[in-house]
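1. Sequence unavailable; structure follows:
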């Protein structure tokens, strides 16, 4: 195959991986923030995120026939998902983690898994009441169109650039990246520039000392769960927009990959979670198309690595990272004080 | 003295019993009449009832009172097998029409086998239903292993595809189906531009990218509608309008909903349950079904009717061969396996040595703008003829 065909293909696969990576990145932030403050892996986060996806589905479904502007519908869906997922996450912390705060680490880990299973079935039950299982997103008209429609028509500068390198993306992909970037910027601002962020950081460094300085650590932990859950809600809606269908059980795979992304970037580190998410998205997509290169280069063994292996890729990378740089790419090592 | 009186009355009762057995002949149906699949199961029962209504006068002339006794299996193997045992205990029942689910047919027919009670299936497609070689198990629909080659033939002959991308869902069903299709395509010299399995349920981006690169003329996906629906949605979203072909796993009204209005086009699947418009003789059947049950007939109603018709024609044949006396179950079983039945809604029926229909039909449906319409029908033969 000539290079003129193959090059845009590779660029497309990488761009697709980056778009997917943004979804992973925002889910990963939910894990990393909670871990940063409580050293707890909130395994129920994948269901918090799917709850956001379900809320988004319901909003798009209810507004399906309304003449409202598509972007306004999106904004409504994002806001509702953020509120529901955020409050749900606070509730989970209050009911399932706070009573166990002094317990050995394994205990909250097990409750997290329990909460995750309960939420899956609650979601399935609620949608099942209405006779639904696979929830199909009905996006506003135009979201599924190509970002830069016909050859020769005028496009935004970004569209022209993408077309010149042979990449075609849909409008919804661009929306996804923009929403992800806005959420990241807002989060960065809240954590690094506000009093609330300062208090959260203080609690994450040393809960006891922060308490002595007059910071109500329980409130800060609730705030962390609220923010993490709201990000989960955003990523749920983005996931629904990207893949078109969700059900009560579809949170598991992206959840565990996003968790991997958080560890890969260095769990507890916000830029690390983003970097990890983007890396895993690209790695996953590249492994998924590996067999094409096997065919082209005539390497038999490569030809058998098909899309069913794409999700193993991230975990192999994780193992390598944990062997060679256990703190993750951007993580700081925890110094145990005696 | 007392003893003789007792034995005499027993003898008399026995004589009466045989006398009434000669006047009443029952056939039974086993199908889900309650639960999630009762819609299809009731169709089978009603179709059989219609055939019994039609043939009752002929039996009357020969001195028999013909009756249908429906049994509910709730689509559950245990319930279906219990029903089969009850049926085997009722000496007046000479044949069984059923079931809807292969999982029920397999144990139920095994339970009926020792009493030589014949079963004619209007719906079961699993290979194992007849592969066990039971003398009493027959079916009038195509087998699962004819779906693969039929799908491959459709891709070559109707879609004229030279290059096909084959996918499967990594389950026994999907992988087996895709392997059959691939084998048949390769045998005819069609290029397989890619062949892979995926358990993925939401993210098909790398597969879509590969399909875009290799530009196949058609895509075959062995799997179930909920996964394939998402795949097609993403495929169409990427601007690829290539036809997608699958097996009866796609036979669900949910599929177009998942794919969405814009993309629910150019999707084909093979299925054994014919839409009524595909059966030319079904017009009067559909009218009398509607009149009798106040409910429109569907494909499985027509196959229930055909299965019962085969049963009743076989019964009449066995009665005639037995000098117009009620035949034994074994006679009915052997007569039905040997017979050839013409003029049915779905054409001529005759069985091979294991009970598969010698010439069955698979129907290819085409989803156009979200609605499944009949594209073509393909004759298929079981492996052993």
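-> Everything's here; your move. Since we're looking at a predicted model, the values are computed, not measured.
2. tell me, how many neighbours does the residue of the stretch 151-300 of chain A found nearest chain B end up with?
-> Relative to chain B, the nearest point of the stretch 151-300 of chain A is residue A:288 (2.6 Å; CB to the nearest CB). All C-beta atoms are positioned from the backbone trio N, CA, C, and that covers glycine. Residue A:288 has 31 neighbours, counted by other CB atoms under 10 Å in any protein chain shown.
3. quick one: contacts for the closest residue to chain A within chain B?
-> Residue nearest to chain A within chain B (CB to the nearest CB): residue B:206, separated by 2.6 Å. Shown in contact with residue B:206 (CB atoms under 8 Å, 6 or more residues apart in numbering or on different chains): A:13, A:16, A:284, A:285, A:287, A:288, A:289, A:307, A:310.
4. got the buried residues for stretch A:98-106?
-> residue A:100 (16 or more other CB atoms under 10 Å in any protein chain shown).
5. just to revisit the earlier point, pull out the buried members of the contacts of residue B:206.
-> Buried among the contacts of residue B:206 (16+ other CB under 10 Å): A:13, A:16, A:284, A:285, A:287, A:288, A:289, A:307, A:310.
6. Around residue A:259, how many other residues sit close by?
-> Applying other CB under 10 Å, I find that residue A:259 has 26 neighbouring residues.
7. Ok, residue A:9 next?
-> 18.
8. again, but for residue A:186
-> 14.
9. Tell me which helix or strand comes right after the strand or helix carrying it.
-> Using DSSP states H and E, residue A:186 sits within helix A:171-193. Using DSSP H and E, the helix or strand that follows helix A:171-193 in sequence is helix A:195-205.
10. Among the contacts of residue B:206, which are located in helices?
-> Among the contacts of residue B:206, the members found in helices (DSSP state H) are A:13, A:16, A:284, A:285, A:287, A:288.
11. And the pLDDT at residue B:5?
-> Per-residue confidence (pLDDT) for residue B:5: 51.
12. Kindly report the same for residue B:12.
-> pLDDT recorded at residue B:12 is 49.
13. where are the low-confidence patches of the stretch 101-250 of chain A?
-> A:149-154 (pLDDT under 70).
14. Up against chain B, what does it have?
-> Within the stretch 101-250 of chain A, the positions lying close to chain B (CB under 8 Å from any CB of the partner chain) are A:133-134, A:136, A:138, A:144, A:146, A:168, A:170, A:239, A:243-246, A:250.
15. Check those and tell me the two furthest apart.
-> The most widely separated members of those, counting by CB to CB, are A:133 and A:168 (31.9 Å).
16. and the residue nearest to the spatial centre of chain B, backbone torsions?
-> Computing the C-alpha centroid of chain B and ranking residues by CA atoms, centre = their mean puts residue B:123 first, at 1.7 Å. Torsion angles at residue B:123 (phi, psi; degrees, to the nearest 10) stand at phi -150, psi -20.
17. ok, it touching residue B:271?
-> No - taking contacts as CB atoms under 8 Å, residue B:123 lies outside contact range of residue B:271: 11.0 Å.
18. that's a helix at residue B:79, yeah?
-> Yes - counting by DSSP: H, G, I helix; E, B strand; the rest coil, residue B:79 falls inside a helix.
19. Tell me how many other residues crowd the nearest residue to it once chain neighbours are set aside.
-> Excluding the flanking residues, the one nearest residue B:79 by CB to CB, 6 or more residues apart in numbering or on different chains is residue B:73, at 5.0 Å. The number of residues packed near residue B:73 is 30, by other CB under 10 Å.
20. where's residue B:73 relative to residue B:44, distance?
-> From residue B:73 across to residue B:44, the span is 11 Å (CB to CB, to the nearest Å).
21. same check, this time on residue A:258
-> Separation of residue A:258 from residue B:44 (CB to CB): 48 Å.
22. what sits in contact with each of residue B:73 and residue B:44?
-> B:31, B:98, B:99, B:100.
23. Keep only those of the residues you listed that are in strands.
-> Judged by DSSP state E, strands contain the following of the shared contacts of residue B:73 and residue B:44: B:31, B:98.
24. now for the helix holding residue A:186, which elements pack on it?
-> helix A:3-38, helix A:70-92, helix A:195-205, helix A:217-243, helix A:270-288 (3 or more CB pairs under 8 Å, 6 or more residues apart in numbering or on different chains; DSSP states H and E).
25. ok, and for that helix, which residues are buried?
-> For helix A:171-193, the neighbour count (16+ other CB under 10 Å) marks A:171-177, A:179-180, A:183-184, A:187, A:191 as buried.
26. With stretch B:306-320 instead?
-> Buried-residue list, stretch B:306-320, by 16+ other CB under 10 Å: B:306-319.
27. Looking at the residues you listed, which are in strands?
-> Counting by DSSP E, no part of the buried residues of stretch B:306-320 is found in strands.
28. out of those residues, who's near chain A?
-> Of the buried residues of stretch B:306-320, not one also sits near chain A (CB under 8 Å from any CB).
29. I'd like to know which of the residues of the stretch 101-250 of chain A next to chain B are buried.
-> Buried members of those, counted by 16+ other CB under 10 Å: A:134, A:136, A:138, A:144, A:146, A:168, A:170, A:239, A:243-246, A:250.
30. Return the closest of these with respect to residue B:93.
-> For residue B:93, the nearest member of those is residue A:134. The distance, counting by CB to CB, is 42.4 Å.
31. residue ranges of the strands in the stretch 51-200 of chain B, please?
-> Taking DSSP state E, counting those that start in this stretch, the strands of the stretch 51-200 of chain B run over residues B:65-72, B:93-98, B:118-121, B:137-139, B:163-168, B:191-197.
32. Nearest approach to residue B:366 belongs to which of these?
-> Each of the strands of the stretch 51-200 of chain B has some distance to residue B:366 by CB to CB; the shortest is strand B:163-168, at 17.4 Å.
33. quick one, what contacts residue B:321?
-> Residue B:321 touches B:327, B:331, B:335, counting by CB under 8 Å, 6+ apart.
34. and if we set it to 10 Å?
-> B:327, B:331, B:334, B:335 (CB atoms under 10 Å, 6 or more residues apart in numbering or on different chains).
35. Residue A:114 too?
-> By CB under 10 Å, 6+ apart, the contact set of residue A:114 is A:43, A:44, A:96.
36. Now pLDDT and neighbour count too, for those residues, in TSV please.
-> Below are those laid out as TSV (pLDDT from 0 to 100; neighbours: other CB atoms under 10 Å in any protein chain shown):
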residue	pLDDT	neighbour count
A:43	91	21
A:44	94	30
A:96	93	17
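37. So which of those are in helices?
-> Of the contacts of residue A:114, none are assigned to helices by DSSP H.
38. filter those down to the ones close to chain B.
-> Applying CB under 10 Å from any CB of the partner chain to these, one finds that nothing falls near chain B.
39. in the sheet, who's paired with residue A:245?
-> Taking DSSP bridges, one obtains residue A:136 as the residues bridged to residue A:245.
40. Residue ranges in chain B under the pLDDT threshold?
-> Counting by pLDDT under 70, chain B contains low-confidence ranges at B:1-22, B:385.
41. Tell me where it has helices.
-> Secondary structure of chain B (DSSP H): helices at B:2-23, B:38-61, B:77-89, B:102-112, B:128-131, B:147-153, B:172-187, B:205-214, B:225-237, B:254-259, B:282-293, B:299-321, B:329-338.
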